[in-house]
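>>> Dropping the sequence and predicted coords here.
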Amino acid sequence: MTSRAYAYYPGCSLHSTAKEYDVSARLVCEGLGIELYELDGWTCCGASSIHSASRLLSTALPARELQLAGRPGLPLAVACAMCYSRLKLAAHELSDGATKELVEEIVGGDLSGTVEVVHLLKVLDGEREAMPLKRSLSSLRVACYYGCLLVRPCGVLDFDDEENPQTMDRLIEALGARSIEWDFKTECCGASMPLSRPDIVLRLSYRILSQAKQLGADCIAVACPMCHSNLDTYQGKIRAKYKGNIELPVLYFTQLVGLALGFSPRQLLLNRHFTDPLPMLKARGLV
Amino acid sequence: MAIDSPITPLPSSEFRLFVERRSGQHILRCYQCGKCTAGCPAAYTMDIGPRRIMRAIQLGMKDEVLESSTIWLCLFCQTCYARCPREIDIPRVMESLRLLAATSGKRAAEKDIRLFHRIFLSLVQRWGRVHELTLGALYNLLSGHPLANATLLPRMLTRGKLSLLPPRVKWASEVKKVFDKVKAVEERAPL
């Protein structure tokens, strides 16, 4: 049997713009009897910017978190896809002896204990056959959106197929919902560009929303706070720019699992999104 | 035409060798198939697409490469790397070029993108975590787009998506030490 207790790294966004991801993740894990121990005094892994500054720093900063996680000796569950990628890449870099030695000198201390870094989606995927479901989501059509950093580079992350991953689809279908076949599962939403080049984010996110909408999805499910922000928070701006009817709720996959486990929309902070999912959920008889 | 003349080899370029050392990628492996540019979500707005960047490095065209918008517009989505038949980690090449552009004092073709990353990291260095409100405010102030995203602010605040105060992290000083030590190591032995 796999481990049921994890060290937990929320990352900066889950304490601010993506609070609903953090809250729903904790609720769902509690509901399933999975213990999450938030790393005491965790700091930023540097995700979106660090590789623009220094190769060494982009390994040393996340190495601190790996070191923190190594102390309780539990696998490290990460919710944010960007943090997941950064931590996995750092762990990979540290498998090189010379790099490890240098980084040990920088962070002060031993880094030889290997920490297994897992994404929360994988954790819940392992539970999908034994979930105590209270509500079937059978009326729901979901476009599962993985984005980039959960799946690429596959050689290091080893999460799922790079072009057509299935992990989230499997989980969503285990909740009774239907996951749609579509082309934009792993297309980029514009990542960390909403401030510096908003036009790129609006264009790329428009394409994603528009196909999901055309294929009749009721909502998009995501596993990354950056993807969520681009597709939901900026959706009003996208609609204003591109006109077409692309209004579509964007939910964290943990919120859908939470609904199926019987938690209320309010508990799952479903009222926090910019595009309100409640009218759609009501129309589908889910709330 | 006579075919006995040997094919002219590519000039051995300092620049290409430097990029190869920094990125750990064999630039000469690229045979210009163009899958990188075909799949690149930002290629439509780049001045020199990823395939042409690879060719330009092969030819030692340092200034053209380091002054291109491409090295800043790369989203690090890794699509090109996933599809490259020669298995070249192009995002890593882009990352090396970005670092080289910064140290060689080149004017960034996309200065707002560089500014965003600098502010992001300065906040992490100071507080140990990112504080979105300060990040947005500083970016607007320093980029000269004072009202960028201002319309989103009230709704973000009422939805509890932004905290007003910067994070208080007990090990923030440790993070600062990591930044300082990395800087010291890099000055001692420039990579």
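Okay, I see it.

>>> Which residue ranges make up each domain of the chain?
Since you didn't name a chain, this refers to chain A. If you go by automatic domain parsing, the domain ranges for chain A are A:5-121, A:132-283.

>>> please go with chain B instead
B:14-103, B:111-188.

>>> Now the terminal residues of the shortest one, how far apart.
In other words, domain B:111-188. End-to-end distance for domain B:111-188, by C-alpha to C-alpha, to the nearest Å: 28 Å.

>>> How far away from the center of its chain is it?
18 Å (C-alpha atoms, centre = their mean, to the nearest Å).

>>> looking at the domains of chain A, which has the lowest confidence?
Out of the domains of chain A, domain A:5-121 stands lowest, with a mean of 94 (criterion: mean pLDDT).

>>> Up against chain B, what does the stretch 151-287 of chain A have?
A:152-154, A:162-163, A:186-188, A:190-200, A:204, A:233-234, A:272-274 (C-beta under 8 Å from any C-beta of the partner chain). For glycine as for every other residue, the C-beta is placed from the backbone atoms N, C-alpha and C.

>>> Straight-line length of stretch B:17-32, end to end?
Stretch B:17-32 end-to-end distance (C-alpha to C-alpha) = 19 Å.

>>> on that earlier part again, only whichever of the residues of the stretch 151-287 of chain A next to chain B are buried, select them in ChimeraX.
The buried subset of these, as determined by 16 or more other C-beta atoms under 10 Å in any protein chain shown, is captured in ChimeraX by this line:
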select /A:152,153,154,162,186,187,188,190,191,192,193,194,195,196,197,198,200,204,233,234,272,273,274
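
>>> Which members of the residues of the stretch 151-287 of chain A next to chain B are positioned in helices?
A:Cys154, A:Pro198, A:Asp199, A:Ile200, A:Leu204 (DSSP state H).

>>> Any chance of TSV for those, columns distance to A:Tyr21?
Listed next are these as TSV, based on distance: C-beta to C-beta, whole Å:
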residue	distance to A:Tyr21
A:Cys154	24
A:Pro198	23
A:Asp199	26
A:Ile200	24
A:Leu204	21
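
>>> if we can go back for a sec, let's have the domains of chain B in JSON lines, adding mean neighbour count.
Below are the domains of chain B laid out as JSON lines (neighbours: other C-beta atoms under 10 Å in any protein chain shown):
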{"stretch": "domain B:14-103", "mean neighbour count": "19"}
{"stretch": "domain B:111-188", "mean neighbour count": "16"}
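
>>> Would you reformat those domains as CSV and include mean pLDDT and distance to chain A?
Listed next are the domains of chain B as CSV, based on pLDDT from 0 to 100; distance: least, C-beta to the nearest C-beta, whole Å:
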stretch, mean pLDDT, distance to chain A
domain B:14-103, 96, 4
domain B:111-188, 91, 4
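
>>> Phi first, then psi, for A:Ile220.
Main-chain dihedrals, A:Ile220, degrees, to the nearest 10: phi -110, psi 140.

>>> any idea how far it is from A:Leu140?
Separation of A:Ile220 from A:Leu140 (C-beta to C-beta, to the nearest Å): 12 Å.

>>> mind listing the helices for the stretch 51-200 of chain A?
Along the stretch 51-200 of chain A, counting by DSSP state H, counting those that start in this stretch, helices occupy A:57-70, A:81-93, A:97-107, A:120-125, A:154-157, A:167-174, A:198-214.

>>> Please read the previous query as pertaining to chain B.
Going by DSSP H, chain B shows helices at B:14-23, B:35-39, B:50-58, B:62-66, B:70-73, B:79-83, B:90-103, B:111-127, B:132-143, B:153-158, B:172-188.

>>> Alpha carbons of the third one, in CSV - could you do that?
Yep, that's helix B:50-58 we're talking about. Output of helix B:50-58 as CSV, limited to C-alpha atoms (Å, rounded to 0.1, in the frame of the first residue of the first chain):
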residue,chain,number,x,y,z
PRO,B,50,13.4,28.9,-32.3
ARG,B,51,14.6,27.1,-35.4
ARG,B,52,16.3,30.2,-36.7
ILE,B,53,17.8,30.8,-33.3
MET,B,54,19.4,27.4,-33.4
ARG,B,55,20.8,28.1,-36.9
ALA,B,56,22.1,31.5,-35.8
ILE,B,57,24.0,29.9,-32.9
GLN,B,58,25.5,27.3,-35.3
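
>>> Relative to the whole chain's centre, how far out is that helix?
On C-alpha atoms, centre = their mean, the centre of helix B:50-58 falls 16 Å from that of its chain.

>>> so who does the nearest residue to B:Gly160 once chain neighbours are set aside touch?
Distances taken as C-beta to C-beta, 6 or more residues apart in numbering or on different chains put A:Lys19 closest to B:Gly160, at 6.1 Å, once the chain neighbours are dropped. Going by C-beta atoms under 8 Å, 6 or more residues apart in numbering or on different chains, A:Lys19 touches A:Leu269, A:Arg272, B:Gly160, B:Lys161.

>>> Mind doing that once more with 10 Å?
A:Pro10, A:Ser13, A:Pro225, A:Leu269, A:Arg272, B:Arg159, B:Gly160, B:Lys161, B:Leu162, B:Ser163 (C-beta atoms under 10 Å, 6 or more residues apart in numbering or on different chains).

>>> Tell me which residues touch the most centrally placed residue in chain A, please.
With distances taken as C-alpha atoms, centre = their mean, A:Ala223 lies nearest the centre of chain A, 2.5 Å away. For A:Ala223, the contacting residues are A:21, A:79-81, A:84, A:119-122, A:124, A:144-147, A:149-150, A:167-168, A:252-254, by C-beta under 10 Å, 6+ apart.

>>> wait, isn't B:Ala160 in contact with A:His15?
Just so we're on the same page, residue B:160 is Gly rather than Ala. No. Counting by C-beta atoms under 10 Å, B:Gly160 does not reach A:His15; the two are 11.0 Å apart.

>>> joint contacts of those two?
Counting by C-beta under 10 Å, 6+ apart, nothing touches both B:Gly160 and A:His15.

>>> need the strands for chain A, in chain order.
In chain A, the segments counted as strands under DSSP state E are A:5-9, A:35-38, A:76-78, A:117-119, A:141-144, A:178-179, A:219-222, A:250-252.

>>> Kindly reformat those as TSV and extend each row with mean neighbour count.
Formatted as TSV, the strands of chain A follow (neighbours: other C-beta under 10 Å):
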stretch	mean neighbour count
strand A:5-9	23
strand A:35-38	14
strand A:76-78	27
strand A:117-119	24
strand A:141-144	24
strand A:178-179	18
strand A:219-222	26
strand A:250-252	27
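
>>> Next, give phi and psi for A:Tyr145.
According to degrees, to the nearest 10, A:Tyr145 has phi -120, psi 120.
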